[in-house]
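[1] Let me see the structure of the following:
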Amino acid sequence: MAKQFTLGKKERLKSRKQIEHLFSEGKNFPLAPFRIYYWVTPVAAKSASNLQFGVGVSGKNFKRAVDRNRIKRLTREAYRLQKNQLQEVLTRKKLQQNIFFIYTSKGLPEFNIVKEKVNVILSKLTKIVDEINSPNP
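    From the prediction side, this is the model:
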């Protein structure tokens, strides 16, 4: 089966409740120019997707919405192209993960830099998930 490089509606982290839970209960780590929040749980019965993703950019650092939207677009594209390995590990271990990237730098990034950083972040998250013991059925 061919890999799908999509970022559908069900894969986006939109629920205010889930986002608040992610920021209050989840873990985080910095990797310039991002701060990453993540939360790993066993797969819920009614869950839409086993991997949900969101991205945010500060209005304080970027006054123009055009700049904020560009950074979010670049980040989503880099994530979309590289998420498959993490998704496979989550499916194999029957886990669900919510991820939120916050862009913290003050300059506009190039796509190549964003792609490299997202690759490092997803590798780190894959390693974290790989170390988690899968739930007993």
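[2] quick check: longest helix of this protein.
    The helix that spans the most residues within the chain, counting by DSSP state H, is helix 111-131.
[3] Quick one: low-confidence residue ranges for this structure.
    The model of the chain has pLDDT under 70 over residues 1-4, 45-48, 133-137.
[4] Please enumerate the strands of it.
    27-31, 34-42, 51-57, 95-103 (DSSP state E).
[5] Make TSV out of those strands and add mean neighbour count.
    For every residue, glycine as well, the C-beta is placed using N, CA and C. As requested, the strands of the chain are exported to TSV (neighbours: other CB atoms under 10 Å):
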stretch	mean neighbour count
strand 27-31	12
strand 34-42	18
strand 51-57	20
strand 95-103	21
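[6] okay if I get those as CSV plus distance to residue 71?
    Formatted as CSV, those follow (distance: least, CB to CB, whole Å):
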stretch, distance to residue 71
strand 27-31, 15
strand 34-42, 10
strand 51-57, 5
strand 95-103, 5
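[7] quick one, which of those is nearest to residue 14?
    Nearest to residue 14, of all the strands of the chain, is strand 51-57, at 7.4 Å by CB to CB.
[8] Could I get the CA-only coordinates of the closest one as CSV?
    Extracted in CSV, the C-alpha atoms of strand 51-57 (Å, rounded to 0.1, in the frame of the first residue of the first chain):
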residue,chain,number,x,y,z
LEU,A,51,-2.2,11.2,15.5
GLN,A,52,-3.5,14.7,15.8
PHE,A,53,-1.5,17.8,15.1
GLY,A,54,-1.7,21.6,15.7
VAL,A,55,0.5,24.6,15.2
GLY,A,56,0.5,28.1,16.6
VAL,A,57,2.5,31.3,16.0
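[9] which other helices and strands contact it?
    helix 65-82, helix 84-93, strand 95-103 (3 or more CB pairs under 8 Å, 6 or more residues apart in numbering; DSSP states H and E).
[10] Thanks a lot, catch you later.
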